[in-house]
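Asker: Provide a 3D model corresponding to the input given below.
(one chain, ligands or ions: 1)
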Amino acid sequence: MKRRRLKKEVYYVFAGLVIFIIALTSLIKHINYTHSYEYKFLKLGYEKAQVEVILNLKDKQLDELLKHKYDKNITSFIKQKYFIFSNLDRYLKYQKENKSTKLKDIVSIVNVHADHEWYDEDAIKDTDTKKGTMMLVNKFYHLKEDYVPENIVDASKTYAYDENSATEETISAFKKMYAKAKSEGLNLIITSSYRTYKDQDRIWNSYAIRESEEWADAYAARPGYSEHQTGLALDIVTYKSTMDNFDETPEAKWLADNAYKYGFILRYPKDKENLTGYDYEPWHYRYVGVENAKKIYKEGITFEEYYAYYVENKD
Ligand SMILES: [Zn+2]
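Answerer: Below is the predicted model:
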């Protein structure tokens, strides 16, 4: 009899212990869950599908995002192809002030700093010349007065009008492109290329004195802000044309379709002035190397957008 009761007691204690362990595990599980990002973002007001998008971010970014109030645009921005997390606040701000602009366009505008005025001192940076053929020079990124590219070589008369030069790599790529165009009955000729800081200073100042500073800004880059100072930019025309009517020539069409195969990109495409700071320039090509040129051509983006997402974002 005593033995049986003891058995029963052992049984109760055991059952109790099992229940306790189950309860404890689920409590721990619950506590752990309340510490999870999923729980925290659901608590903030995001829906399950939105949380799934958010959870693709890195932990550091998730912690940062937890400090933001719920905003339905956040996940829409994260889903954009060229989304850069550190620009999120600027995307949201721009969106609030420009409600009719597409989110995709906002990402591009902010990535290239075009949410600032051109030459805005708050946005201006030194060009990272260590990037070599990928260095960016535009109305926000500038070269110092003493920056002189290495390996500047003259372009011979076959390829250029008088006094043109560029980096050795740029000239050698141009020669290959020239030969291919020639074999198809087309003539390419370099009309402008490497320009020193002083050259650009002279151009901009002559415009400013003749007309006004606004006028000079509209038609010339400020000294230090011209891509021609990199030695990687070529203005290309054909014998029958000037820059003004180059767009109507077969050479312009051929360059637009083929230059990337030789490492060149059309630097200022049509309808992208809001990103590049320049009107369409069918003659201005920039050497970036074949691999990058192919990618830029295929993705159909400006050099500014490419640089922001694939070059600077990876630093
Ligand atoms: Zn040019």
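Asker: could you report the neighbour count for whatever residue of the chain ends up closest to the ion?
Answerer: Nearest residue of the chain to the ion: His284, at 3.7 Å (Cβ to the ion). Quick note: C-beta positions are derived from backbone N, CA and C, even for glycine. When counting by other Cβ atoms under 10 Å, one arrives at 20 neighbours for His284.
Asker: looking at it, it is touching Ile265, isn't it?
Answerer: No. Here His284 does not reach Ile265: they are 9.8 Å apart, not a contact under Cβ atoms under 8 Å.
Asker: circling back: what are the phi and psi angles of the residue of the chain closest to the ion?
Answerer: In terms of degrees, to the nearest 10, the main-chain angles of His284 are phi -90, psi 110.
Asker: need the contact list for it.
Answerer: Residues near His284 by Cβ atoms under 8 Å, 6 or more residues apart in numbering: Glu227, Ala233, Leu234, Asp235, Ile236, Leu266, Arg267, Tyr268, Tyr278.
Asker: list the residues that contact the nearest residue to the fourth one once chain neighbours are set aside.
Answerer: Of all residues beyond its chain neighbours, the one nearest Asp235 is Ser192 (3.9 Å), with distances taken as Cβ to Cβ, 6 or more residues apart in numbering. Ser192 makes contact with Asn164, His228, Leu234, Asp235 under the criterion Cβ under 8 Å, 6+ apart.
Asker: which of the residues you listed come close to the ion?
Answerer: With the criterion set as Cβ under 5 Å from the ion, the members of those near the ion are Asp235.
Asker: neighbour-wise, which of the contacts of Ser192 leads?
Answerer: Leu234 (30 neighbours).
Asker: possible to save the contacts of Ser192 as a markdown table with secondary structure and pLDDT?
Answerer: What follows is the contacts of Ser192, written out as a markdown table (DSSP: H, G, I helix; E, B strand; the rest coil; pLDDT from 0 to 100):
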| residue | secondary structure | pLDDT |
| --- | --- | --- |
| Asn164 | coil | 97 |
| His228 | helix | 97 |
| Leu234 | strand | 98 |
| Asp235 | strand | 97 |
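Asker: tell me which two of the contacts of Ser192 sit farthest apart.
Answerer: Greatest spacing in the contacts of Ser192, by Cβ to Cβ: Asn164 and His228 (10.7 Å).
Asker: what residues are shared contacts of these two?
Answerer: Taking Cβ under 8 Å, 6+ apart as the criterion, Asn164 and His228 both touch Ser192, Ser193, Tyr194.
Asker: so of the residues you listed, which ones are in helices?
Answerer: In this view, the shared contacts of Asn164 and His228 have no member that belongs to helices under DSSP state H.
Asker: how about Leu136: what's its closest non-neighbour residue?
Answerer: Closest residue to Leu136 in three dimensions, ignoring its sequence neighbours and counting by Cβ to Cβ, 6+ apart: Tyr307, at 4.6 Å.
Asker: I'd say that neighbour and Asn138 touch.
Answerer: No. With contact defined as Cβ under 8 Å, Tyr307 and Asn138 do not form a contacting pair (9.0 Å).
Asker: which neighbours do the two have in common?
Answerer: Listed contacts common to Tyr307 and Asn138 are nil; contacts here mean Cβ under 8 Å, 6+ apart.
Asker: so which residues on this protein come close to the ion?
Answerer: Residues of the chain found near the ion, taking Cβ under 5 Å from the ion as the criterion, are Asp235, His284.
Asker: can you rerun that using 6 Å?
Answerer: Contact residues, the chain versus the ion (Cβ under 6 Å from the ion): Ser192, His228, Ala233, Asp235, His284.
Asker: return stretch 295-315 as CSV; C-alpha atoms alone will do.
Answerer: As requested, the backbone C-alpha atoms of stretch 295-315 are provided in CSV (Å, rounded to 0.1, in the frame of the first residue of the first chain):
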residue,chain,number,x,y,z
LYS,A,295,27.4,47.0,-67.2
ILE,A,296,26.5,50.7,-67.4
TYR,A,297,25.2,50.3,-71.0
LYS,A,298,23.2,47.2,-70.1
GLU,A,299,21.6,48.7,-67.0
GLY,A,300,20.9,51.9,-68.9
ILE,A,301,22.0,54.1,-66.0
THR,A,302,24.1,57.2,-65.8
PHE,A,303,27.7,57.1,-64.5
GLU,A,304,26.5,59.1,-61.5
GLU,A,305,24.0,56.3,-60.5
TYR,A,306,26.5,53.6,-61.3
TYR,A,307,29.2,55.3,-59.2
ALA,A,308,26.9,55.8,-56.2
TYR,A,309,25.6,52.2,-56.1
TYR,A,310,28.5,50.1,-57.4
VAL,A,311,31.6,52.1,-56.5
GLU,A,312,31.0,54.4,-53.5
ASN,A,313,28.4,52.2,-51.8
LYS,A,314,31.0,49.3,-51.6
ASP,A,315,33.6,51.4,-49.8
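Asker: torsion angles phi and psi at Pro282?
Answerer: In this entry, Pro282 is assigned phi and psi values of phi -60, psi -10 (degrees, to the nearest 10).
Asker: give me the pLDDT for the nearest residue to it once chain neighbours are set aside.
Answerer: In space, not counting the residues next to it along the chain, Pro282 is nearest to Asp247; the distance is 4.3 Å by Cβ to Cβ, 6+ apart. At Asp247 the predicted local confidence, pLDDT, stands at 96.
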